[in-house]
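What would the 3D arrangement of this be:
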Amino acid sequence: MKQIALTILLSLPLPLLAQSQPPKTPATLRSILLEQLRSTHNKAEWFVPANTAVEGLSAEQAKWTDGKGNHSIGQLTYHLVFWNSSALAKFKGEKPPAFSGNNDETFNNFDAKQWDSLVHQLDQVLTDWEKAVEAADDKKLAENASTIAHIGTHNAYHIGQIVYIRREQGSWDPSKGVK
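Next up is the predicted model:
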């Protein structure tokens, strides 16, 4: 029976086969940028998104380091919140947070007492980025596309570090995306 169905399918003219497929919506700059932002926020795709990476961590786990000079999850999360907030402010024409020029400060100002608030801030700034891209006109998106794409890449890089740290400390659930 399978051979008969396959024979019939292969004997159909290509235009008929093409008609049976739902038409694909052409990708736009907006849809591509939103896909990149969402995949590093809350939509699991090729890698673990930020919300999953920090989900369920205690403040103690967030401040843990390996003792080799590497950042903690809290420091990485603070860094992501800082740079996403700064870039979003610039994108919206607002004044970004104060920055001395010393990138170490964007990691080292983490305070474990604010961990729950910081997790919320990360989710909020990533949501705000998506809303800003959805609302922007095509010209603004074109002018800022490279920056927005780099933000997605930067987020993915540090989210990978967060998952690695969780694996090192034994707090990562492999069913969440990284075995």
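
residues touching the residue most central in space within the chain, list them.
Among the residues of the chain, the smallest C-alpha distance to the mean C-alpha position (CA atoms, centre = their mean) belongs to T40, namely 1.1 Å. Each residue near T40 by CB atoms under 8 Å, 6 or more residues apart in numbering is listed here: F47, P49, A50, L126, G152, N155, A156, I159. Every C-beta, even on glycine, is put in place using the N, C-alpha and C of the backbone.

which of those residues lies closest to N70?
Using CB to CB, I159 is the member of these that lies nearest N70, at 15.2 Å.

Using just helix, strand and coil, how would you label the closest residue to the closest one other than its chain neighbours?
Nearest-residue entry for I159: A53, 4.9 Å, with adjacent residues in sequence omitted and distances by CB to CB, 6 or more residues apart in numbering. A53 falls in the helix class when you classify it by DSSP: H, G, I helix; E, B strand; the rest coil.

related to what we said a few turns ago, would you mind checking the contacts of T40 for buried ones?
Neighbour-count burial (16 or more other CB atoms under 10 Å) applied to these gives P49, A50, L126, G152, N155, A156, I159.

can you tell me which residues contact the residue nearest to I159?
When contacts are counted by CB under 8 Å, 6+ apart, A53 touches I159, I162, V163, R166.

cutoff 7 Å now
Neighbouring residues of A53 by CB atoms under 7 Å, 6 or more residues apart in numbering: I159, I162, V163.

Tell me if I'm right that the first one and A50 touch.
It stands for I159. Yes: with contact defined as CB atoms under 7 Å, I159 counts as touching A50 (5.4 Å).

Grab the nearest non-local neighbour of the residue nearest to the centre of the chain.
Ranked by CB to CB, 6+ apart and with sequence neighbours excluded, the top spatial neighbour of T40 is N155, at 3.9 Å.

Pipe the contacts of A53 into JSON lines and attach distance to S146 and secondary structure per row.
Rendered in JSON lines, the data for those read as follows (distance: CB to CB, whole Å; DSSP: H, G, I helix; E, B strand; the rest coil):
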{"residue": "I159", "distance to S146": "20", "secondary structure": "helix"}
{"residue": "I162", "distance to S146": "25", "secondary structure": "helix"}
{"residue": "V163", "distance to S146": "26", "secondary structure": "helix"}
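
which one of those residues sits closest to H79?
Nearest to H79 among those is I162, at 10.5 Å by CB to CB.

Number of residues surrounding that closest one?
The number of residues packed near I162 is 24, by other CB atoms under 10 Å.

in what helix or strand does S146 lie?
Element membership of S146 [criterion: DSSP states H and E] is helix 138-169.
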